[in-house]
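**Q** can't give you the sequence, but here's the structure:
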């Protein structure tokens, strides 16, 4: 199963854009790593989560 | 009377150890944003004896900044990058500081950060943070990146942590308290996050890569 932010999630077969949307994140505020590598923003739609993939979605919040 | 460069180095080496101080003196970092995070991070790194800093910020100092940002009352209205360079020159006169008053965009980011092995994200807007982090991770894979997210609110300071997200990407903060959700920004809590970021940078320079 695919893991998202440390938890097993039913997202295998979805692309990164769909996964970001599924979890309710604002795409303008995220950085997404797939198996430890950044997924370029331009490749969200074509990058599909595989069976053993580990995805980390970092969603930034304001303040500094 | 300001001590000599050698006296400064020896004073720091007495606190940090000679070998580590040589590493700090030879190191350089670029700090993106000179607000609550960036101004405090820059001062911590300069005080530690980091040799070269680049400060990038497009904004001017406002009265609402003074609860957490390292500026003086008579600097209101000045550009932050220049004012911080001035303040750093009084704290650490031998730290080589360049200040750029420019807005960092996807177009200019690689050029602005070229030559800096460590980049610190210290913006305030979530979208700007995401833009910089994506740009550095996509285009500068050899660069260490230390970012801050989640330091608003009066929640416990203990919730602020450093996480290692990928091989060269560290994220400091509580990851969730959003200033856009109506949380206040308290200098003490912003400083905790800034200290995490500055400390992570010193650890990277020292060759300690765990979060």
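**A** Now that the structure is in, tell me what you want to look at. What you are looking at is a predicted structure, and each value in this text was computed from that prediction instead of being measured.
**Q** quick one, strands of the chain?
**A** Just going to use chain A. A:2-4, A:7-9, A:30-34, A:37-38, A:54-59 (DSSP state E).
**Q** sorry, should have said chain B
**A** Under DSSP E, chain B gives strands at B:28-32, B:52-56, B:96-100, B:118-121, B:144-148, B:161-166, B:169-173.
**Q** out of those, which gets nearest to chain A?
**A** Closest approach to chain A among the strands of chain B is made by strand B:161-166 (5.0 Å; CB to the nearest CB). Yep, even glycine has a C-beta here, placed from its N, CA and C like the rest.
**Q** partners of that closest one, with directions?
**A** strand B:169-173 (antiparallel) (DSSP bridges).
**Q** rounded mean pLDDT for the partner strand, please.
**A** Mean pLDDT, strand B:169-173: 98.
**Q** now swap in stretch B:99-109 and tell me
**A** Stretch B:99-109 comes out with an average pLDDT of 97.
**Q** distance from the longest helix seen in chain B to the middle of the chain?
**A** Using DSSP state H to define each element, chain B has its longest helix at helix B:187-206. Mean-position distance between helix B:187-206 and its chain equals 8 Å (CA atoms, centre = their mean, to the nearest Å).
**Q** ditto for stretch B:184-199
**A** Worked out by CA atoms, centre = their mean, stretch B:184-199 lies 11 Å from the chain centre.
**Q** list the buried residues for it?
**A** Buried positions in stretch B:184-199, judged by neighbour count with 16 or more other CB atoms under 10 Å in any protein chain shown: B:185-186, B:189-199.
**Q** now swap in stretch B:65-83 and tell me
**A** B:65, B:68, B:69, B:70, B:71, B:75, B:79, B:80, B:81, B:82, B:83.
**Q** with stretch B:154-169 instead?
**A** B:155, B:159, B:160, B:162, B:165, B:166, B:168, B:169.
**Q** residue B:51: which of these is nearest?
**A** Of all the buried residues of stretch B:154-169, residue B:168 has the smallest distance to residue B:51: 20.6 Å, by CB to CB.
**Q** on that earlier part again, and the buried residues of stretch B:154-169, which two are the farthest apart?
**A** B:155 and B:168 (28.8 Å).
**Q** return the residues of chain A in contact with chain B.
**A** Counting by CB under 8 Å from any CB of the partner chain, chain A comes close to chain B at A:26, A:28-31, A:33, A:36-38, A:40-41, A:56, A:58, A:60-64.
**Q** buried subset of those residues as a ChimeraX selection?
**A** Typed into ChimeraX, the next command selects the buried ones out of the residues of chain A next to chain B (criterion: 16+ other CB under 10 Å):
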select /A:29,30,31,33,38,41,56,58,60,61,62,63,64
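**Q** make CSV from the strands of chain A and add mean pLDDT to it.
**A** Shown next, in CSV, are the strands of chain A (pLDDT from 0 to 100):
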stretch, mean pLDDT
strand A:2-4, 96
strand A:7-9, 96
strand A:30-34, 98
strand A:37-38, 96
strand A:54-59, 98
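**Q** okay if I get the ones you listed as TSV plus distance to residue B:41?
**A** Listed next are those as TSV, based on distance: least, CB to CB, whole Å:
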stretch	distance to residue B:41
strand A:2-4	31
strand A:7-9	32
strand A:30-34	20
strand A:37-38	23
strand A:54-59	19
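**Q** and of the buried residues of stretch B:154-169, the nearest to residue A:22?
**A** Nearest to residue A:22 among the buried residues of stretch B:154-169, with distances taken as CB to CB, is residue B:165, at 20.4 Å.
**Q** burial measure for the closest residue to that closest one other than its chain neighbours, as a count.
**A** In space, and not counting its chain neighbours, residue B:165 is closest to residue B:171: 5.3 Å by CB to CB, 6 or more residues apart in numbering or on different chains. Around residue B:171 there are 28 other residues, counting by other CB atoms under 10 Å in any protein chain shown.
**Q** you'd agree residue B:59 is up against residue B:80?
**A** Yes: in terms of CB atoms under 8 Å, residue B:59 counts as a neighbour of residue B:80; the distance is 5.5 Å.
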